[in-house]
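In: with the sequence up front, the predicted model follows.
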Amino acid sequence: MLKKRYCTMKKSNPLKILHITTVDIGGAYKAVERLSEALNTSDKYESKILLRNKVNESNCGEVYLDNPVKTIVSKFKNAINLVSTHGEVTIDILGSDVSKHHMVQEADIIVIHWINSFLNEKSIEKIINLGKPTYIMLHDMWHFTGGCHSDGYCGGYERGCYECPHLKKGSKAAHNNLLRKMSLYKDKDVVILSPSNYEANAAKSSPVFEKNDIRVIGNCVNTDIFRKVDDISVSDIPGVITDKPLVLFTAVSAGKSNANKGFEYLMDALGKLHEDEVHLLILGNIDDESLRGIKQTYTRLGYIIDEKMLAKIYNIADVTVVPSLQESFSYSVCESLACGTPTVSFAVGGILDQVVHKENGYLAKYKDTDDLAKGIRYCVEHGDAMQSRCIDKAKQFSYDSIVKKWAEAGI
């Protein structure tokens, strides 16, 4: 009921904000949905979402592919885009013109989010040319690179993406893609919203956004759901039977299939801990091969959508480990902190906006698994003392706090 209420609240003369993103799954959609919910708690805003398509009909948002013809055309365009995509480098040749869609026409403000396989540069330009205040909200680096979502600290976009490490030698695909984005935003009054200082600084260093106004407004978390609850115990989580300290690792796609999530570094760090020192909890999808060699006991919890259950898991954990190599924000960190559970991470990206070393978590040296193991021990031993600081930090990303930041930014 709460979700439906936040999707469709009616107000008197609100500022109508439309968020555009591709589909209702993944971290970007989570950020969009929570932001839209947060804005709808304010009398000032009426927030809605336009999606290419839905996987779960109960999720917020109206779909653009609302008839068979649009769906067939979209599948054809996706096939062309896939041919144009080179591994890590996503290039959308064909996009959808949503500028005439009734939700776009009715909106006072347009916020463009993660839109791959939905909008391309020409699609975005048509929205900008409507003359409505338009914002680009970053969820990764794609909007200001030659096509990669995470550059692995290559920094090639600063120099024109001439020699992309993901492409064959001599390929100009990334460079040409960067040029199209530079041309799109040249002399355009588009404001860039970043969830972290790290992502904002990266965007500022790109020739795509070198003249745009870039503002930092974090992603938000529902602290009515993700909060500390004292009467939750291990027995409340099916399948978890242990009296050892609980180390939680969470990623939608873990293991070797998503190297950026750093699961191999967690595995190495666990190898430096005693066999009976901790019990590992794993949220998300992970293959048997990735778990081979682990000496601690562990429980695979699978992919959990229910946020109340997720909050329970964060509550029973002694520490959440987020060993990502590059992060624009990290909801795993924010959700864990909101539940009073400290986190251990490498000192990277948007995590630096959330974790203060040895105050509400531990920031390990980059790719240093000895330090990562040290951080796990530290948080297990000092978790109770850090609990209040975890919760206080997460309040900076509560619905109320983020809505206030939007208002302060003049949106």
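Out: On my side now, so go ahead. Numbers count the residues shown, from 1 in each chain.
In: in the stretch 301-411 of the chain, which spans are strands?
Out: 319-322, 343-346, 361-364 (DSSP state E, counting those that start in this stretch).
In: could you dump those strands to TSV with mean neighbour count?
Out: The way it works is simple: take the backbone N, C-alpha and C, and place the C-beta from them, glycine included. TSV is the format used below for the strands of the stretch 301-411 of the chain (neighbours: other Cβ atoms under 10 Å):
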stretch	mean neighbour count
strand 319-322	28
strand 343-346	27
strand 361-364	26
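In: TSV for the ones you listed, including distance to Ile411?
Out: TSV is the format used below for those (distance: least, Cβ to Cβ, whole Å):
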stretch	distance to Ile411
strand 319-322	29
strand 343-346	30
strand 361-364	31
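In: of these, which is nearest Ala203?
Out: Set against Ala203 and scored by Cβ to Cβ, those come closest in strand 343-346, at 21.3 Å.
In: name every strand pairing with that closest one and say which way it goes.
Out: strand 319-322 (parallel), strand 361-364 (parallel) (DSSP bridges).
In: need the residues that contact that strand.
Out: If you take Cβ atoms under 8 Å, 6 or more residues apart in numbering as the criterion, strand 343-346 is touched by 262, 265, 319-325, 330, 332-333, 336-337, 351, 354-355, 360-368, 372, 375-376, 378-379.
In: buried set for stretch 372-388?
Out: Neighbour counts using 16 or more other Cβ atoms under 10 Å place 372-380, 382-383, 386-387 of stretch 372-388 among the buried residues.
In: now do it, average pLDDT.
Out: Mean per-residue pLDDT for stretch 372-388: 97.
In: chain center to it, what's the gap?
Out: 25 Å (Cα atoms, centre = their mean, to the nearest Å).
In: ok so, going back, okay, and which of the contacts of strand 343-346 map to helices?
Out: 265, 332-333, 336-337, 372, 375-376, 378-379 (DSSP state H).
In: which one of those is nearest to Leu94?
Out: Ser332 (34.1 Å).
In: give me the domain ranges for this protein.
Out: 2-220+399-408, 234-397 (automatic domain parsing).
In: of all those, which one is nearest Phe226?
Out: domain 234-397 (3.9 Å).
In: can you give me the end-to-end span of the closest one?
Out: 27 Å (Cα to Cα, to the nearest Å).
In: what separates that domain from the chain centre, distance-wise?
Out: Using Cα atoms, centre = their mean, the offset of domain 234-397 from its chain centre is 16 Å.
In: just to revisit the earlier point, pipe the strands paired with strand 343-346 into TSV and attach distance to Val344 and mean pLDDT per row.
Out: TSV is the format used below for the strands paired with strand 343-346 (distance: least, Cβ to Cβ, whole Å; pLDDT from 0 to 100):
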stretch	distance to Val344	mean pLDDT
strand 319-322	5	98
strand 361-364	5	98
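In: including distance to Ser233, could those go into TSV?
Out: Output for the strands paired with strand 343-346, formatted as TSV (distance: least, Cβ to Cβ, whole Å):
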stretch	distance to Ser233
strand 319-322	17
strand 361-364	23
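In: pretty sure Asp268 sits in a strand.
Out: No - counting by DSSP: H, G, I helix; E, B strand; the rest coil, Asp268 is located in no strand; its state is helix.
In: okay, now the closest residue to it other than its chain neighbours: neighbour count?
Out: Excluding its sequence neighbours, the residue lying closest to Asp268 (Cβ to Cβ, 6 or more residues apart in numbering) is Thr369, at 4.1 Å. Using other Cβ atoms under 10 Å, Thr369 has 21 neighbouring residues.
In: which ones are touching Thr369?
Out: Taking Cβ under 8 Å, 6+ apart, we find Thr369 in contact with 265, 268-269, 271-272.
In: of the buried residues of stretch 372-388, just say which sits nearest to Thr41.
Out: Gln387 (26.4 Å).
In: sorry, back to before: make a markdown table out of the domains of the chain and add distance to Arg227.
Out: Below are the domains of the chain laid out as a markdown table (distance: least, Cβ to Cβ, whole Å):
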| stretch | distance to Arg227 |
| --- | --- |
| domain 2-220+399-408 | 12 |
| domain 234-397 | 6 |
